[in-house]
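# One predicted model, sequence on top.
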Amino acid sequence: MTDNVQIYTDGACSGNPGPGGWGAVLLYGAHEKQLSGGEANTTNNRMELTAVIEALALLKRPCRVTLTTDSKYVADSVTKGWVYGWQKRGWKKSDGKDAINVDLWQRLLPLLQTHEVTFVWIKGHAGHKYNEICDKLAVAESRKFFSRV
């Protein structure tokens, strides 16, 4: 595992639930790739998770990844081990309630086993270059659904 990749992600949602979008920027050496997508009816947390999943899924071989996100939900769920507890308890939280976004967590966990991922949380809307790019991508994607609603 010698390839070092920087990934930046963000999600956006208008209404929560409502039209949403996600954006990601991948940096590998001198290469930069932007990707984004959205859904007509979703939540901010689902878009934050989707951005991480789609960015990691794009990697063609196991990599050492520094993943920077402004989502405490995503970063804490992984770094504090919450998601692994939910999985062990049959996707139940410690209070016995159902975990949410299980479909997305089930897609993310194998990716976290494939890649060596270090999560870095940053404050959103604080002028971080790549977080701002991801935010613009996510918001643009969410706006595509306004004319359809």
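Sure thing, it's come through. Residues are numbered from 1 along each chain as shown.

# Helices along this protein, start to end?
44-58, 72-79, 82-88, 102-114, 129-143 (DSSP state H).

# Buried residues, the first one. List them.
When burial is assessed from 16 or more other Cβ atoms under 10 Å, helix 44-58 yields the following buried residues: 44-56. No exception for glycine: its C-beta is placed from N, CA and C like everyone else's.

# now these in a markdown table, with distance to Lys80 and pLDDT?
Compiled in a markdown table, these are given as follows (distance: Cβ to Cβ, whole Å; pLDDT from 0 to 100):
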| residue | distance to Lys80 | pLDDT |
| --- | --- | --- |
| Asn44 | 19 | 96 |
| Asn45 | 16 | 97 |
| Arg46 | 20 | 98 |
| Met47 | 21 | 98 |
| Glu48 | 16 | 98 |
| Leu49 | 16 | 98 |
| Thr50 | 21 | 98 |
| Ala51 | 20 | 98 |
| Val52 | 16 | 98 |
| Ile53 | 19 | 98 |
| Glu54 | 23 | 98 |
| Ala55 | 21 | 98 |
| Leu56 | 19 | 98 |
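
# ok, Lys141 - how many residues close by?
For residue 141 the amino acid is Glu, not Lys. 21 (other Cβ atoms under 10 Å).

# what's the closest non-adjacent residue to it?
Leaving out its chain neighbours, the residue that sits closest to Glu141 by Cβ to Cβ, 6 or more residues apart in numbering is Gly21, at 2.7 Å.

# Who is the one you found paired with across the strands?
Ala12, Gly38 (DSSP bridges).

# That one against Asp135, yeah?
No: assessed by Cβ atoms under 8 Å, Gly21 is found out of contact with Asp135, at 9.6 Å.

# need the contact list for Lys144.
Applying Cβ atoms under 8 Å, 6 or more residues apart in numbering to Lys144 gives the contacts 19, 21, 38.

# Between the residues you listed, which sits nearest Ile7?
Among those, Gly21 lies closest to Ile7 (Cβ to Cβ), at 16.9 Å.

# got any ranges where this structure has weak pLDDT?
For the chain, residues meeting the criterion pLDDT under 70 lie at 1, 147-149.

# What are the neighbouring residues in contact with Ile7?
By Cβ under 8 Å, 6+ apart, the neighbours of Ile7 are 24-27, 52, 55-56, 65-68.

# which of those lies closest to Trp86?
Closest to Trp86, out of all of those and judged by Cβ to Cβ, is Val52, at 16.4 Å.
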